[in-house]
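Peer 1: predicted model and sequence follow; I will ask about them next.
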Amino acid sequence: MTARILDGSSVAARLRAEIAEQVAALTTLQRRAPGLAVVLVGDNPASQVYVRNKGVATRKAGMVSVEHRLPDDVQETELLALIARLNADDAVDGVLVQLPLPPQVRSEKVLAAIDPDKDVDGFHALNVGRLWGGEAGLVPCTPRGCMKLIVEAGRDIGGMDAVVIGRSGIVGKPMTQLLLAANCTVTIAHSRTRDLPEVCRRADILVAAVGVPNLVTAGFIRPGATVIDVGINRVAKADGGSRLVGDVAFEEAVEVAGAITPVPGGVGPMTIACLLENTLTAYRRRVES
Ligand code: NDP
C-alpha cells in the first residue's frame, strides 16, 4: 500500500484564500484590515527567511504587515518597550517575536510581555493555560496546522490512539492537548522513552516533532496510520549542497502509512496559514468585544 500524501501546500493555499476573502469582506465594510507586527532581533538567516515569508503571506491575505528589526545586541528593556508600544497600538492585532532571541534577552520574559489577546503564536502562559483548560484562546500555529492535516486525512479520529514524539512547548505539548480535545487517547514520547518504535507502533496517528533526520522508520509505523512529520532538518547532499528532510524516513514510511505529510510541503506551509488565521481571530475578538 502507498500512503495518501497530505499536501500541506494546497491545504494551506485553500486556507489562505478563505482568510483573504474574509479580510476583503471586512475591508469592504470600511473596517480597517487586521494588522500583524513581527519583531526580528539580529540577523539569523533562517529567522530572516521566516519573517520575510510571514510578511509576504500577511500582505497577500490583505492584512497589514509591520516588521520591526532590532540589532543582535539589543537590550531586553528596549525590546520590552517595543512590545509595550505594540500592545497599546490599536491598529496591531497580532504581535509575534521571532525566536530564538540572543542570550542577553530572556525569551520567557519577552513572551510574557505580549498582550495575551495579541499573542498570535499562542506561547503566552495564559494561552497555554486556556488550551489545557479547554477555553477559547490563541493556539500555537504548528500544532493547529497539524490538526487540520489530520482532519484532511478524512478519518473520524475520536477514540484513536495518537502518539506525539517531542514534548516542546511550541509543538509537542500543545499537539497532545489538541489531540486529547479531539477525543484521541494520547501518548507523549521523548528522548527518555523506552522502546520508542514499540510505543509508536500503537499509533493510529503518529506526530513526529523531534528534529532528528529520518528517526521514524517503517518499523515505527502501524500499517495504515496517519503520519504527520513536523521536523525540518537541513542535511548535506553528496554534491556539497543541502536539502530539507523531516523526522520521518519518507521513502519507506510512505509504503506503510495510510496518509503522510511530505517535507517540505507538509506541515511547514500550514504554520504560516494558521498564523494568518490566528491574526484574523485576534482581530475579530478585539473588534467585536
Ligand atoms: P525541541 O528541540 O524543542 O524538542 C524536541 C523534542 O524531541 C524534545 O521533547 C526531545 O526530548 C525529543 N527528542 C529528541 N531526540 C529524541 C529521540 N532520539 N527520540 C525521541 N525523542 C527525542 O524541538 P521543537 O519541538 O521546537 O521542534 C521539533 C522539530 O520540528 C524541529 O525539526 C523543528 O525545526 C521543527 N519545527 C517545524 C515547524 C514547522 O513549521 N514545520 C515549526 C516548529 C518546529 P526531550 O524533551 O527528552 O529532550
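Peer 2: The structure has been received and is ready for your questions.

Peer 1: near the ligand, which residues of the stretch 1-150 of the chain are found?
Peer 2: T142 (CB under 6 Å from any ligand atom). For the C-beta atoms, the positions are set from N, CA and C on the backbone; glycine is no exception.

Peer 1: let me know the secondary structure of whatever residue of the stretch 1-150 of the chain ends up closest to the ligand.
Peer 2: Relative to the ligand, the nearest point of the stretch 1-150 of the chain is T142 (4.1 Å; CB to the nearest ligand atom). Secondary structure state of T142, per DSSP: H, G, I helix; E, B strand; the rest coil, is helix.

Peer 1: and for A203, nearest residue in space, chain neighbours not counted?
Peer 2: Distance criterion CB to CB, 6 or more residues apart in numbering; nearest residue to A203, sequence neighbours excluded, is V163 at 3.8 Å.

Peer 1: partner residues bridging the one you found?
Peer 2: T187, L206 (DSSP bridges).

Peer 1: which residues touch the residue nearest to the residue of the stretch 1-150 of the chain closest to the ligand when sequence neighbours are not counted?
Peer 2: Counting by CB to CB, 6+ apart, the nearest residue to T142 once its immediate chain neighbours are dropped is T271, at 4.8 Å. With contact set as CB atoms under 8 Å, 6 or more residues apart in numbering, T271 has these partners: C141, T142, G145.

Peer 1: touching, the second one and V230? I think so.
Peer 2: Yes. In this structure, T142 sits in contact with V230. The criterion is CB atoms under 8 Å, and the distance is 6.3 Å.

Peer 1: pick out whichever of those two has more residues nearby.
Peer 2: Neighbour totals were compared for T142 and V230, and V230 leads with 31 against 24 (other CB atoms under 10 Å).
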